[in-house]
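J.: My questions concern the predicted model and sequence given below.
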Amino acid sequence: MPNKHSGSFGRGLQKMRKHVKNSGSVARDHLANERTFLAWARTGMAFVGLGVALDSLQKNAELTVRTSILSEEKKAEILENMHDGHGINILMIGIGGMFLTYATHRYFIVQTALTCDLFPINRFGILGVVSGSAVLTLGGLSLLFAPEHLQDFQDAVLKTVNASEKEN
């Protein structure tokens, strides 16, 4: 009977497979590792999807204003007052990509450790996610509840920078 994985791709898949003896909780540990990977990957994809969705909504809002029956002056005023959220969108997509990268890296680290009857404690990942989430949450809330103060803050920063440049 011919091998169902014939060809170089099939041989490559055969080399990647590794079988371990299922004694004690070996299978359960590996399956838990897979579930954890899938949870991280799902979270990463949610961030990527949110970034793409927000970008699409922003482009749709701009298009709606540009094609409306409002006067050109009113369109220009509305478009000028619209906040540019491309930075946030790119940040969300980047964080999603980082989650996916970390999930893949962590999966293989744990898998390797489990085959040696070890388990690596996850300190860096938890601290990174909690810190990153806290920064994003605080940044998002500040933009949500005080967008009118953002311009004042930017003006104050520019004034400070200009003053320090004049002193030098």
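T.: Sure, I can see it.
J.: hey, which helix is longest across this protein?
T.: helix 26-66 (DSSP state H).
J.: by contact count, what packs against it?
T.: For helix 26-66, the packing partners by 3 or more Cβ pairs under 8 Å, 6 or more residues apart in numbering; DSSP states H and E come out as helix 72-81, helix 86-115. No exception for glycine: its C-beta is placed from N, CA and C like everyone else's.
J.: mind checking which of those is nearest G24?
T.: G24 lies closest to helix 86-115 among the helices and strands packed on helix 26-66, at 11.4 Å (Cβ to Cβ).
J.: and the closest one, what's its mean pLDDT?
T.: Taken as a whole, helix 86-115 has a mean pLDDT of 89.
J.: Now the element after it, going C-ward?
T.: Per DSSP states H and E, the first helix or strand lying C-terminal to helix 86-115 is helix 124-145.
J.: how about that following helix: buried residues?
T.: V129 (16 or more other Cβ atoms under 10 Å).
J.: Please state the offset of that helix from the chain centre?
T.: Computed by Cα atoms, centre = their mean, to the nearest Å, the chain-centroid distance of helix 124-145 equals 12 Å.
J.: Could you do stretch 20-38 as well?
T.: 26 Å.
J.: Residues in contact with it: which ones?
T.: Contact with stretch 20-38 is made by 103-104, 106-107, 110-111, 114-115, 119, as judged by Cβ atoms under 8 Å, 6 or more residues apart in numbering.
J.: where in the protein is pLDDT low?
T.: 1-7, 9-17, 22, 83-85, 143, 146-158, 160-168 (pLDDT under 70).
J.: Would you point out which residue is most central in it?
T.: G96 (1.8 Å; Cα atoms, centre = their mean).
J.: residue contacts, it?
T.: 44-51.
J.: Swap in 6 Å and give it another go.
T.: Shown in contact with G96 (Cβ atoms under 6 Å, 6 or more residues apart in numbering): 44, 47-48.
J.: any idea which of those residues is closest to S133?
T.: Nearest to S133, judged by Cβ to Cβ, of the contacts of G96 is F47 at 10.4 Å.
J.: Would you mind measuring from the nearest residue to the closest one once chain neighbours are set aside to A46?
T.: Spatial nearest neighbour of F47, excluding adjacent residues (Cβ to Cβ, 6 or more residues apart in numbering): G96 at 3.2 Å. Noted for G96: a distance of 7 Å to A46, by Cβ to Cβ, to the nearest Å.
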